[in-house]
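**Student:** I would like the atomic coordinates for the input below:
(one chain, ligands or ions: 1)
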Amino acid sequence: MAFSIVIRTKFLDELLQQASASGVRQVVLLGAGMDSRAFRMDWPEGTRLFEVDTSAPLDFKASVLRQEGAVAHCERITVPVDLREDWPGALAAAGHDPAAPTVWIAEGLLIYLPEDAVELLLARISALSAVGSWMGLTLGSRGVIERFGADAVPGSAASMWVSEMPDDPVGWLAGHGWDAAGYTLRERAAAYGRPIGTPPQREERPGGLISAVRR
Ligand SMILES: C[S@@+](CC[C@H](N)C(=O)[O-])C[C@H]1O[C@@H](n2cnc3c(N)ncnc32)[C@H](O)[C@@H]1O
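**Tutor:** A predicted model of the protein is given here:
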């Protein structure tokens, strides 16, 4: 799991840099958790970065950031809301502008949501995405819940995983109006010069990596 997080971090960092280079100045991190990109990445002037999560993790993060004296490299706006509730309303109230393009990140999030909640989340993101918006997702690989989930390893972090990627993630996103590309962890790891060893290691590890642009 730690290795998969290294690879997905780089994948999404690059996607954010590409989106910024294309002129996008709104960033929304859904299920932001302890994401530190507002602090560790360089952002163009005028970038507004929204961190959406429930209040408990955001409050904890605020206390650590305060203690460390951390300074964001962009305008950082926290949006404490449950993604099962009216988060589009909360995001709008926080100043998000759906008429301007947005880059959305859902990293390590969708695997925790049941399929109907994933579908609703995608529909809502799509409704708030002007042409030229970007999206980066990590999806649970097929079979990952069987191998690592509640029945396989009771009590582990993976025991809260509930949904895996659809059979055809690119087609699924096309249906929501996105031009998407899917990458396996193995292929990205090799591209980054950090190849995953040859078998007997498994073919895939948690985390299908998706980048998408709004048509
Ligand atoms: C595994 S963490 C990933 C955090 C971060 N995106 C990263 O990759 O480091 C999942 C995050 O999603 C948040 N999350 C899960 N379900 C949520 C919900 N219904 N509403 C808001 N946030 C939620 C959790 O609070 C947690 O911070």
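**Student:** Next, the buried residues of stretch 51-66.
**Tutor:** By neighbour count on 16 or more other CB atoms under 10 Å, the buried set for stretch 51-66 is 51-53, 58, 61, 65. C-beta here means a position set from N, CA and C on the backbone, and glycine is covered the same way.
**Student:** Ok, stretch 1-21 next?
**Tutor:** 4, 7-8, 10-12, 15-16, 19-20.
**Student:** Spell out which parts of this structure neighbour the ligand.
**Tutor:** Within the chain, the positions adjacent to the ligand are 31-35, 53-54, 57, 82-84, 107-109, 112 by CB under 6 Å from any ligand atom.
**Student:** among those residues, which two are most distant?
**Tutor:** Pairwise distances across those peak at 20.8 Å for Met34 and Arg84 (criterion: CB to CB).
**Student:** can you tell me which helix in the chain is longest?
**Tutor:** helix 2-21 (DSSP state H).
**Student:** who's in contact with that one?
**Tutor:** 27, 37, 41, 43-44, 47, 103, 105, 107-108, 134, 136, 138, 183, 185, 188-189, 192, 194, 196, 205-207, 209, 211 (CB atoms under 8 Å, 6 or more residues apart in numbering).
**Student:** Tell me which of those residues fall in helices.
**Tutor:** Judged by DSSP H, the subset of the contacts of helix 2-21 located in helices is 37, 185, 188-189.
**Student:** Looking at the residues you listed, which has the smallest pLDDT value?
**Tutor:** Lowest in pLDDT among the ones in helices among the contacts of helix 2-21 is Leu185, which has 89.
**Student:** That one and Ile196 touch, don't they?
**Tutor:** Yes: counting by CB atoms under 8 Å, Ile196 is a contact partner of Leu185 at 7.2 Å.
**Student:** OK, contacts around Gly208?
**Tutor:** 138-141, 165, 169, 182-185.
**Student:** Tell me the gap between stretch 10-17 and the middle of its chain.
**Tutor:** 11 Å (CA atoms, centre = their mean, to the nearest Å).
**Student:** what do you get for stretch 23-30?
**Tutor:** With CA atoms, centre = their mean, you get 11 Å for stretch 23-30.
**Student:** I would like the residues contacting that stretch, please.
**Tutor:** 16, 19, 35, 37, 43-44, 46-52, 74, 83, 91, 96-97, 100-107, 109, 121, 125, 132-134.
**Student:** Alright, that wraps it up for me.
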